[in-house]
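Student: model this:
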Amino acid sequence: MRHLPYFCRGEVVKGFGRGSRELGVPTANFSEQVVESFPSDIPTGIYYGWASVGNGDVHKMVLSIGWNPFYKNIKKSVETHIINTFKEDFYGEILSIVITGYIRSEKNFNSLETLISAIREDIEEAKRQLDLPEHLKLKDNFFHLPKGKKH
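Tutor: A predicted model of the protein is given here:
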């Protein structure tokens, strides 16, 4: 995919509130302004990569870009699920991500259960892919300065 890797940084804003509540998969949402800054021709779908909140540790993530057909969104959204357990919400913090790969296109589901099952499969695929050397190297390149560098 010609846009990858894709780096983005923006403030975490309140989303629809269904990631944690309905799906059991909390997501960090970017503002409309950040979503609109994505390349207009980047395909909607499910991606994976690396994410960091504030100056925190870098974690694996899976991300949705699109309209979430199951919920019939009218606005495009970018929702990041960081594969880590956080003690509290981080609204207002700066989320930095690098998208390194693509899993699948966006699609509709017949039920909430099949959507949740697909999300779980996406998370497992992201974990597998991000353990590969070509994706591991991007974790360090984007978030950490080389050793010995002060700035």
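
Student: and S64, how many residues sit next to it?
Tutor: 22 (other C-beta atoms under 10 Å). (Glycine included, C-beta is placed from N, CA and C.)

Student: over to N141?
Tutor: 13.

Student: which parts of this structure are strands?
Tutor: Counting by DSSP state E, the chain has strands at residues 6-13, 28-30, 45-53, 58-66, 77-82, 94-104.

Student: could you dump the ones you listed to TSV with distance to P133?
Tutor: Below are those laid out as TSV (distance: least, C-beta to C-beta, whole Å):
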stretch	distance to P133
strand 6-13	19
strand 28-30	27
strand 45-53	14
strand 58-66	15
strand 77-82	22
strand 94-104	12
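
Student: make TSV from those and add mean pLDDT and distance to D131 to it.
Tutor: Formatted as TSV, the strands of the chain follow (pLDDT from 0 to 100; distance: least, C-beta to C-beta, whole Å):
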stretch	mean pLDDT	distance to D131
strand 6-13	93	20
strand 28-30	92	22
strand 45-53	96	11
strand 58-66	95	9
strand 77-82	92	16
strand 94-104	95	12
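
Student: the ones you listed: which one's closest to I123?
Tutor: strand 58-66 (5.4 Å; C-beta to C-beta).

Student: what's the longest helix seen in the chain in contact with?
Tutor: Longest helix in the chain by number of residues (criterion: DSSP state H): helix 112-130. Identification of contacts with helix 112-130 by C-beta atoms under 8 Å, 6 or more residues apart in numbering yields 22-25, 46, 48-50, 60-62, 70, 81, 83, 100-101, 103-104, 109, 135-136, 139.

Student: next: stretch 47-59.
Tutor: With contact meaning C-beta under 8 Å, 6+ apart, stretch 47-59 is reached by 5, 12, 28, 60-65, 80, 82-84, 86, 90, 93-103, 122, 125-126, 129-130, 135, 138-139, 142-144.

Student: got a ChimeraX select line for the buried ones in these?
Tutor: Entered in ChimeraX, the line below selects the buried ones among the contacts of stretch 47-59, by 16 or more other C-beta atoms under 10 Å:
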select :5,12,28,60,61,62,63,64,65,80,82,83,95,96,97,98,99,100,101,102,103,122,125,126,129,130,135,138,139,142,143
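
Student: perfect, I'm done here.
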